[in-house]
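**Student:** need a structure here:
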Amino acid sequence: MTLTHLLAPRWRLSVGSLGLLAAVALLAILARGFQPWITDQYAFRQTQTAIVAQYLHGVGDLFTGELPVFGSPWSVPFEFPLYQALVKSLSVATGLELNTCGRLVSVGFFLMALACLARLCRQFDVRHPVLVCSLVALTPLYVFWSRSFMIETTAVAFMLWFATIQVDVYRDRELNVRRTAWLLVAGVAAILVKVTTLLPVLALALAFQAFKAWRGRHARETVVPALLPLMAQGAVLAVGAAWVKYSDLVKARNPLAEGLTSHSLQSWNWGTLHQRLDPHVWFVLLAHTAGIFFPPEIVSATTSSLAVRAAAFLFPDEAVVRYGNSLALFAALTLAFVAAFGRCSPQRKRLVGLCLGLFLLPYLCFINLHFVHTYYQCANAIFLCTALGLAFEGAIAGAGRPGQAWLWLGGYALGLLLLADCALRTMDWYAAQPERDAALAAKVREASAPGKAVIITGQDWSSQTPYQSGHRALMLWAPRSAPRAQAALDIALRQRADYDLYLACGRRPPYDDLFRQTWGLDPAQKPLAEVEGCRLYRLGAPPGASGS
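**Tutor:** Here you go, the predicted model:
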C-alpha cells in the first residue's frame, strides 16, 4: 500500500500545514533582514547593483548602464539592468527608499521562483510540491540572498520560468507557436539578467530539443514542432552573445573598465584546467555546497565537533578548520538523502539524478566564479535543494505503511526546523552588524558640492562610498594598472571642473605622486578630515593650505 491509499483529510492537512508554517517562517525571517543599510556579505557587489539603479532615469539608460565608479565615460554595463529598472520604478512609484525597494523586488522574484518550481514539480507528477518548495524556501542561502540588493533571485526566477515552458515545449507533439514565443521571452529575460545562470540550463535544453528534432527528422509533422523551439533557443543564445559584445564595446571606451571585458575576464569567468584538477579547489567547492544549508560562520560560532577536531589534526588545512562543522552537518544531511533516495521509485531516481547533474554543471563551467564567490551558488543550489526535496518527498509518498509515512514526514519537518534556525541566525548575524562607512560617506557628502565627482584610491572599485555618499567617483584601483589609471586621470583632468575631492584610503598607490603633481596637491597639504583610515583632500587647493 502506498501513500495514495492513505491520503486522509488529516494527512493532507498535515502536509498543507507544514507548507504554511514554512511560508510564515520565511516571511518572518526575511522581515528581520530589511535593515536600511547595505553592509553585509559582498556589500561591494550589492552596492554596485544599487548604484546602477540609483542612476537610472529613463529607458535610454538601460543601454548605457551607468556605473559611476570608473570615471568618465560613466557607462560600464555588465548585466542588462532589468532588475535595477524594476527597483527604481518601484521606488519612484511608492516613494520608498531604494534599498527597501531593492530587497522587495528580490523577495518578489524569489517567490516567483518558488511558484515556477512548484509548477515544475507538477509537470513531473510530484504529489506534494509544497514539501519540495518548503525546503528551498528555508534554505539559508536563499533566505539570505533573497532579501539582498542583488540580481540573483531575479535570474533564478527567469531561468525556472524558462525551464517550465521548455518542459511543455519538449512534450508538445504539435507546433505551439504561442508557447514557443513565451519560451523566447523567458529565455531572453533570463540571459540578459545573468548569462551564467541560464547558460548551463540552456545548454541542456538545446541538447534535448536537438535530440527531439533528430529523432523525428523523417516526418515533417514531428520535425517542425521540434525545430521551431530549437530556433528560439538559438535566438536566446544570440541575444546573450550580442549583449556581451555590445557591453564589451562600451566598456572598452573607459580605460579602467577596459580590463573588465568578457575577453579580459575569460580565465576569471571560466576558470582554468589546473583548477578543475586541483583537489583543494574541489574541497572548497564542497565546503561552499555545505554552506548552502549550514553557513560556516554561523555553525562554527555555535557548535563544536570532535570529528572536526580530529579532521583538523589529520588534515591541518585552514579550510578544514573553517568549514569543519558545516561539513559534518552536511555529511549527516547526505546520509539522510541517501536513505530517502533508496526508497524512491526508478522514475523519481532519474529525476533526482537530473537535478544533481544540473547542480554540478555550473561548477564545471564556471569553476573559478563558484570558487571565489559564494553567492554564485544561488544559480545552481536550487537544483541541489530540489534533488533533496524530491528524494524526501518520494520516500514519504512511497511509504508502504502509515507509520513509515508519518515517521518520514516528522523527520522532514525537523530538518526544515533546523534549516529555519540556521537561516534565522544567519539573518540576525548580519542584521546586528552596525552600518559601516556611514561616517565616511557622510563626510564626503558634506564636503562635496551637488553634482561633483570624487577621486578615490585604496578602495579598489567598491561602490560603497560612491553609493552611500550619492556622488560619482573615479576609483583608481589595482596598482598593476598604473598606465590605465594615468589614462583615466588624463580624461578626468580635461573635465577637472567636475571633480572637487580626493579620498585617499589605505596605502599610497604607486601613481600617488604623479597624481598629486598633476592635480596640484602639495605633499604637505593637510586633509579636510580623516575618517575610518581615509584622508579627504580638497582638489585645487593651493600648496600648503590647511584643512578645517
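
**Student:** so where do the helices sit in the stretch 151-300 of the chain?
**Tutor:** Ranges of helices in the stretch 151-300 of the chain, per DSSP state H, counting those that start in this stretch, are 152-171, 177-193, 195-215, 220-251, 266-270, 273-276, 279-293, 296-302.

**Student:** Which one of those helices lies nearest to L138?
**Tutor:** helix 279-293 (9.6 Å; C-beta to C-beta). All C-beta atoms are positioned from the backbone trio N, CA, C, and that covers glycine.

**Student:** just to revisit the earlier point, tell me which of the helices of the stretch 151-300 of the chain is the most buried.
**Tutor:** Here the criterion is mean neighbour count by mean count of other C-beta atoms under 10 Å, and of the helices of the stretch 151-300 of the chain the winner is helix 152-171, at a mean of 23.

**Student:** What angle do helix 195-215 and that one make with each other?
**Tutor:** 0 degrees (axes from the mean of the first three to the mean of the last three C-alpha atoms, to 10 degrees).

**Student:** Show me how far helix 152-171 is from its chain's centre.
**Tutor:** 17 Å (C-alpha atoms, centre = their mean, to the nearest Å).

**Student:** quick check: mean pLDDT across it?
**Tutor:** Averaged over helix 152-171, pLDDT sits at 95.

**Student:** What helix or strand is D500 located in?
**Tutor:** Taking DSSP states H and E as the criterion, D500 maps to strand 499-505.

**Student:** Direction included, what does that strand pair up with?
**Tutor:** In the sheet, strand 499-505 lines up against strand 453-457 (parallel), strand 534-538 (antiparallel) (DSSP bridges).

**Student:** Which of those strands sits closest to F366?
**Tutor:** Closest approach to F366 among the strands paired with strand 499-505 (C-beta to C-beta): strand 453-457, 29.9 Å.

**Student:** Need the contact partners of the closest one.
**Tutor:** 68, 71, 444, 448, 465-466, 469, 471-477, 492, 498-506, 508-509, 512, 515, 519, 539 (C-beta atoms under 8 Å, 6 or more residues apart in numbering).

**Student:** helix or strand right after that strand?
**Tutor:** Next element after strand 453-457 (DSSP H and E): helix 464-469.

**Student:** after that next one, next one along is what?
**Tutor:** As assigned by DSSP H and E, the chain's next helix or strand after helix 464-469 is strand 473-476.

**Student:** Quick check, pLDDT for the closest residue to R122 other than its chain neighbours.
**Tutor:** Using C-beta to C-beta, 6 or more residues apart in numbering and skipping the chain neighbours, the partner closest in space to R122 is P129 (5.9 Å). Per-residue pLDDT puts P129 at 93.

**Student:** Can you tell me how far P129 is from P295?
**Tutor:** 26 Å (C-beta to C-beta, to the nearest Å).

**Student:** In contact with R484, which residues?
**Tutor:** Residues near R484 by C-beta under 8 Å, 6+ apart: P255, L256, E258, G259.

**Student:** ok, and the most crowded of these?
**Tutor:** Of all the contacts of R484, the most densely surrounded is L256 (23 neighbours; neighbours counted as other C-beta atoms under 10 Å).

**Student:** What is the neighbour count of the closest residue to that one other than its chain neighbours?
**Tutor:** The shortest distance from L256 to any non-neighbouring residue, by C-beta to C-beta, 6+ apart, is to F70 (4.4 Å). Other residues near F70 come to 25 when the count uses other C-beta under 10 Å.

**Student:** which residues touch F70?
**Tutor:** V76, N254, L256, A257, W461, L474, M475, A488.

**Student:** between these, which is closest to T154?
**Tutor:** Nearest member of the contacts of F70 to T154, counting by C-beta to C-beta, is V76, at 20.0 Å.

**Student:** Quick one: neighbours of that closest one, just the number.
**Tutor:** By other C-beta under 10 Å, the residues close to V76 number 25.

**Student:** Contacts only, for it.
**Tutor:** V76 touches G65, E66, L67, V69, F70, V250, K251, N254, A257, L260, counting by C-beta under 8 Å, 6+ apart.

**Student:** next one: phi and psi at it?
**Tutor:** The phi/psi pair for V76 (degrees, to the nearest 10) reads phi -140, psi 80.

**Student:** Return the distance of it relative to R253.
**Tutor:** Noted for V76: a distance of 9 Å to R253, by C-beta to C-beta.

**Student:** A431 too?
**Tutor:** Distance of A431 to R253, computed by C-beta to C-beta: 40 Å.

**Student:** swap in F392?
**Tutor:** Remark: distance between F392 and R253 (C-beta to C-beta) = 52 Å.

**Student:** what's around D513, how many residues?
**Tutor:** Per other C-beta under 10 Å, the neighbour tally for D513 reads 12.

**Student:** Quickly find the element holding it.
**Tutor:** Per DSSP H and E, D513 falls inside helix 512-519.

**Student:** same for that helix, what does it pack against?
**Tutor:** Helix 512-519 sits against strand 453-457, helix 482-494, with contacts defined as 3 or more C-beta pairs under 8 Å, 6 or more residues apart in numbering; DSSP states H and E.

**Student:** Give me the below-cutoff pLDDT ranges for the stretch 301-450 of the chain.
**Tutor:** Counting by pLDDT under 70, the stretch 301-450 of the chain shows low-confidence ranges at 301-322, 400, 432-434, 436.

**Student:** Let's see that with 80 instead.
**Tutor:** Applying pLDDT under 80 to the stretch 301-450 of the chain flags residues 301-324, 398-403, 405, 430-437.

**Student:** How about the stretch 151-300 of the chain?
**Tutor:** The stretch 151-300 of the chain contains residues with pLDDT under 80 at 173-175, 215-226, 297-300.

**Student:** can we see that at 90?
**Tutor:** 170-178, 208-229, 255-269, 295-300 (pLDDT under 90).

**Student:** what angle sits between the helix or strand encompassing F337 and helix 279-293?
**Tutor:** Taking DSSP H and E as the criterion, F337 maps to helix 318-342. Interaxial angle of helix 318-342 relative to helix 279-293 (the same axes, to 10 degrees): 60 degrees.

**Student:** What is helix 318-342 packed up against?
**Tutor:** Here helix 318-342 touches helix 279-293, helix 296-302, helix 306-314, helix 381-397, helix 402-431, going by 3+ C-beta pairs under 8 Å, 6+ apart.

**Student:** Which positions in that helix come out as buried?
**Tutor:** Buried residues in helix 318-342, counted by 16 or more other C-beta atoms under 10 Å: 320-330, 333, 336-337, 340-341.

**Student:** Now do the SS call for E530.
**Tutor:** Here E530 is strand, with the state taken from DSSP: H, G, I helix; E, B strand; the rest coil.

**Student:** ok, for it, nearest residue in space, not its chain neighbours?
**Tutor:** Nearest in space to E530, with sequence neighbours left out and distances taken as C-beta to C-beta, 6+ apart, is L536 at 7.4 Å.

**Student:** so that neighbour sits right up against K526, yeah?
**Tutor:** No. Contact between L536 and K526 fails when scored by C-beta atoms under 8 Å: they sit 10.5 Å apart.

**Student:** what about the nearest residue to A405 once chain neighbours are set aside, how many neighbours?
**Tutor:** In space, A405 comes closest to A399 once its chain neighbours are excluded; the distance is 3.7 Å by C-beta to C-beta, 6+ apart. Look at A399: counted by other C-beta under 10 Å, it has 20 neighbours.

**Student:** Great, nothing more from me.
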